[in-house]
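**Q** sharing a model that was predicted from the sequence below.
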Amino acid sequence: MRMFATIANLLVKRVLTAIPILLVVSALLFCILRILPVDPAAMSLPPNATVQEIEAMRTEMRLDRPLYEQYGIWLNQLLHGDIGRSIHFRQDVTSLIGSTLPATIELAVIAMMVATVFGLAGGLFLFYVRGTRAEAVMDFISILLLSLPEFLWSLFLLLIFGVFFEILPFTGRLSPGFERPVVTGFLLIDSLITGNISTFFNALEHMILPCLALGIALSPSLMRVLRSSLLDAYQDDYIQQARLRGLSEKRILIRHGLKNAILPTLSLMGVQFGFLFGGTLLVEIIYSYPGMGNLMVDAIRNADLPIIQGAGLTYCIAVLVISIVVDSLYLILNPKLRMR
Amino acid sequence: MTFEIDRRNLLQMLGLAAVGGSVLSQATFAFAADTDNVTIGWPSDVPSWDPNLRFVPDAQPIFKLVFDQPLDQAPDLKLIPNLISKWELKPDGLSMPFEIRSDVKFHNGDPMTMEDFKYTFVERVKSGLKLDIANSWRTLTDIEITSPTSGVMKFSAPTPTAPQWLAFLGSYLVPKKYVESVGPEEFAKKPIGTGPYKLVDYQMNSRIVLERNDDYFGAKPKVKRVTIDIIKDPSARTAAIQSGQVDLTVNIPVREAERLGKTEGLTAEINPFTRLILLQMRNDKGFSDMAVRLAAHHAIDKAALSKAFYGGAAVPLSIPATPGTPGYLPDYKFPYDPELSKKLLKEAGYTADRPATFTLAATNGQFPSDFDIARALVQMWQKVGLKVELQQIEYSKYFELNRGGQLPEATLYSFDNATGDPEIFSGYLMNPKMPFGAWKGQEIGDKILKLFVEPVYEKRIAGYKEVAKEAVETGANIPILQSVQTLVRKKNLNYVKYGNAWVLGSTMSWS
């Protein structure tokens, strides 16, 4: 009961803290985008628009008003659930983000699962082979994995599994001919809800390469942090005491070493998940994945400020939510924090 | 022991995954081998399924499958009848009587009527909806319906390119009854046109699936289903055609196209089309002296640029028009002559100690090899004694910089004109009232403005030829190359090649 009360307390505090953070981020986003030398009025008109038409559009979009007034108008609309209208697509930004966000969340969650499995398994293996020749080899491999960014992994995996072996698809979210159920927007969930198993597996197949690319790029840092946390944990007295009590090495590792060493790894995973959520742009482009990263690239290319603002705020909210989840997990895993 | 068991399990899982993957993949790729279907790897999506909404040149070949334009273009770009069967622009350019076909139906079975024309080009534009076609039809005041199959377009000012615009960006007929009943938002979600294909599935930035419209009034397409995979990354498009996940793709790097052309089962083309690569020039700052502008032009080895960056397929240009279009001057050549460049600079008083200096702006990635061409230009200019600074700009900032007079002396630019009409080449590029050209010289500007209202076709074309030549000879414009489209396809997939790089699924067939 005490744990739930502590978590509820934390949630309330975090939500209250999130409000000023969101306000500051929204103001920063708004001001930075307005300082850029791009003209949203001109971008919203066809290239053959006259100077007079562009000026009229500028007035209509209220770009001729002072910056603080423009921000006030935008914030007021935001509070009423209106993020704005896309300049390029001429659609509500809310609906554009709503239709692309589930694909990105799905991608990011599964990529994080891949990174976690590889990271934890690799970290445990690194620790297991400490002091042996294999440690040096694994160290080298982890540095190699770390030094390649996710877009290079994307291209590499695409060439190996998509072109050379031709065993995995690498365009889109589903193969042609498969039914695409739309209930929540999360394709994996929707296909299961509607009992469309073939769609589920096909969607999963399309996620293998992008998720591997994202996951592999993230896993080395998790491996290394887990290994060093375990090394630190094994310096503590309770490990020696556990050995003296006659516990097996496996039990010591799982029950004592890993339980303590996992906390810094969990923090890193939280940070990485935040980065991952905002870092799928290139991977989505390479794999033609219809998520928010893909939309963001279009928005940047077309100087579509309302989308960039909306997507920026969405990323900010996502990072805040992730940090609350990670802190809650911290409380669950670390009794000492619950005592404070 | 634990590790052995884990490894064994892991190997079993990998084995299962490989088998499962290959089984599933076979299911996937079997689809692509079906000759009733074609899968195209296309570099960009439509901005919306409302075809009147935005001007995006790369989206036109997609729109043309679902919607129809009043007029069409033949592969050689000549205007041909389509929904409109007869038209005649009056000598004053102020009206255009036309007749429409009576056998055209929208995808929902509704017949096409004159009301649909009036709605698309007049009522919809005036309704307050933000449509890009409002700008191309700003002189159109009304469409007078004279019979169920005929009408008259009425203009507030001479509009000599009205027929061309009926086959150009955004001019697609939309169904009045359907759009009014469902509203513009729903229409964009479930679009209905008169085109050769119906939209059956769409996922933004990923895939468009089209099914043949068996009631199409024109030539029935041979392929039943066209799938367009939106693959924005050129490396991914290359991989997609190489692995067989798509049957045809465009705009991949020239070297990759050449390599894939040698691959069994594939064929590659490097096709020049109606896009110019040119230098937008200012008439002030470091370019106030005509001698410097001309010296800069004579110093450019266009053939070498074509060879280095486009496998020699991009045609070197001396005039801001592409070969085969009405404004092109086949016998006119502006010579590559570095010695003449040096001489011009010397005569103008520039020396090695006091060189002529200017800045060149270029985008990086807006069109193939743009920044590489800019770097090569700087080197060519350095060889004749011009001191040039290279500045990278974003394409989205071009119009803003131009309007604020902040573009440097020269800007490397590419300009698309699917119609091939000289108004949309020289006219748009040097009209001082339009946002495209950086040149603000009044003398050429005045001539261009007169041509914008010249209704007599022959006079108009002759005028553009003259003014384009004058612009080149005074250094108001430096055309460089005709751009190319790379296209790789399966050898047994046939398609019709258009001079403006349209790649239409409706023209494809398997052999």
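**A** Arrived safely.

**Q** quick one: contacts for residue 75?
**A** Chain wasn't specified; assuming chain A. If you count contacts by Cβ atoms under 8 Å, 6 or more residues apart in numbering or on different chains, A:L75 has them with A:S26. All C-beta atoms are positioned from the backbone trio N, CA, C, and that covers glycine.

**Q** correction: the question concerned chain B.
**A** Contacts of B:P75 (Cβ under 8 Å, 6+ apart): B:V496, B:K497, B:Y498, B:G499.

**Q** go again with 6 Å.
**A** Taking Cβ atoms under 6 Å, 6 or more residues apart in numbering or on different chains as the criterion, B:P75 is in contact with B:V496, B:Y498.

**Q** now A:L10
**A** A:D327.

**Q** quick check, it in a strand?
**A** No - going by DSSP: H, G, I helix; E, B strand; the rest coil, the assignment for A:L10 is helix, not a strand.

**Q** can you report how many residues neighbour residue 159?
**A** Since you didn't name a chain, this refers to chain A. Look at A:L159: counted by other Cβ atoms under 10 Å in any protein chain shown, it has 17 neighbours.

**Q** I was after chain B.
**A** Neighbours of B:T159 (other Cβ under 10 Å): 25.

**Q** next: A:T94.
**A** Counted with other Cβ under 10 Å, A:T94 comes out at 14.

**Q** so it lies in a strand, does it not?
**A** No - with three-state DSSP as the criterion, A:T94 is helix rather than part of a strand.

**Q** next one: it from chain B, what distance?
**A** 13 Å (Cβ to the nearest Cβ, to the nearest Å).

**Q** what is the neighbour count of residue 136?
**A** Let's take chain A. 10.

**Q** please go with chain B instead
**A** So B:S136, with other Cβ under 10 Å, has 24 neighbours.

**Q** again, but for the one 10 residues further on
**A** B:T146: 13 surrounding residues under other Cβ under 10 Å.

**Q** any idea which element it lies in?
**A** strand B:140-147 (DSSP states H and E).

**Q** and that strand, how far out from the chain's middle?
**A** 30 Å (Cα atoms, centre = their mean, to the nearest Å).

**Q** same question, stretch B:270-280
**A** 10 Å.

**Q** strands paired with the strand holding B:T146, and their directions?
**A** strand B:150-155 (antiparallel) (DSSP bridges).

**Q** now the helix or strand that the strand it pairs with is followed by, how far from the centre of its chain.
**A** Proceeding N to C from strand B:150-155, the next assigned helix or strand is helix B:162-165, under DSSP H and E. Averaging C-alpha positions (Cα atoms, centre = their mean) puts helix B:162-165 16 Å from its chain's average.

**Q** what sits against the residue most central in space within chain A?
**A** In chain A, the centroid-proximal residue (Cα atoms, centre = their mean) is A:F277; its distance is 1.6 Å. Residues in contact with A:F277 (Cβ under 6 Å, 6+ apart) are A:A108, A:A318.

**Q** and for B:I300?
**A** B:M380 are the contacts of B:I300 under Cβ under 6 Å, 6+ apart.

**Q** where in the chain is pLDDT low?
**A** Just going to use chain A. Within chain A, the ranges that satisfy pLDDT under 70 run A:1-2, A:337-340.

**Q** I was thinking of chain B, sorry if that wasn't clear
**A** By pLDDT under 70, the weakly predicted segments of chain B are B:1-34.

**Q** up against chain A, what does it have?
**A** B:21-22, B:24-25, B:28, B:31, B:47-48, B:53, B:55, B:132, B:135, B:203-207, B:227, B:229-233, B:235-236, B:239-240, B:242-243, B:245, B:396-397, B:399-400 (Cβ under 6 Å from any Cβ of the partner chain).

**Q** tell me the helix or strand right after the helix or strand that contains A:A242.
**A** Assigned by DSSP H and E, A:A242 belongs to helix A:237-244. Next helix or strand after helix A:237-244 toward the C-terminus (DSSP H and E): helix A:249-251.

**Q** touching chain B at all, that next one?
**A** No - judged by Cβ under 6 Å from any Cβ, helix A:249-251 makes no contact with chain B; its nearest approach is 7.5 Å.

**Q** what's in contact with that helix?
**A** In contact with helix A:249-251 (Cβ under 6 Å, 6+ apart) are no residues whatsoever.

**Q** flag every buried residue along it.
**A** By neighbour count on 16 or more other Cβ atoms under 10 Å in any protein chain shown, the buried set for helix A:249-251 is empty.

**Q** can you give the distance of it from its chain's centre?
**A** 34 Å.

**Q** tell me the backbone dihedrals of B:P316, please.
**A** Note on B:P316: backbone dihedrals following degrees, to the nearest 10 are phi -60, psi 140.

**Q** excluding chain neighbours, what is closest to it?
**A** Using Cβ to Cβ, 6 or more residues apart in numbering or on different chains and skipping residues adjacent in sequence, the residue nearest B:P316 is B:K302, 3.5 Å away.

**Q** now the strands for the stretch 151-300 of chain B?
**A** B:197-203, B:207-212, B:225-230, B:248-250, B:266-281 (DSSP state E, counting those that start in this stretch).

**Q** can you list contacts of the fourth one?
**A** I take that to be strand B:248-250. Contacts for strand B:248-250 (Cβ under 6 Å, 6+ apart): B:I40, B:G41, B:R237, B:I241, B:Q485, B:L487, B:V488, B:R489, B:L493.
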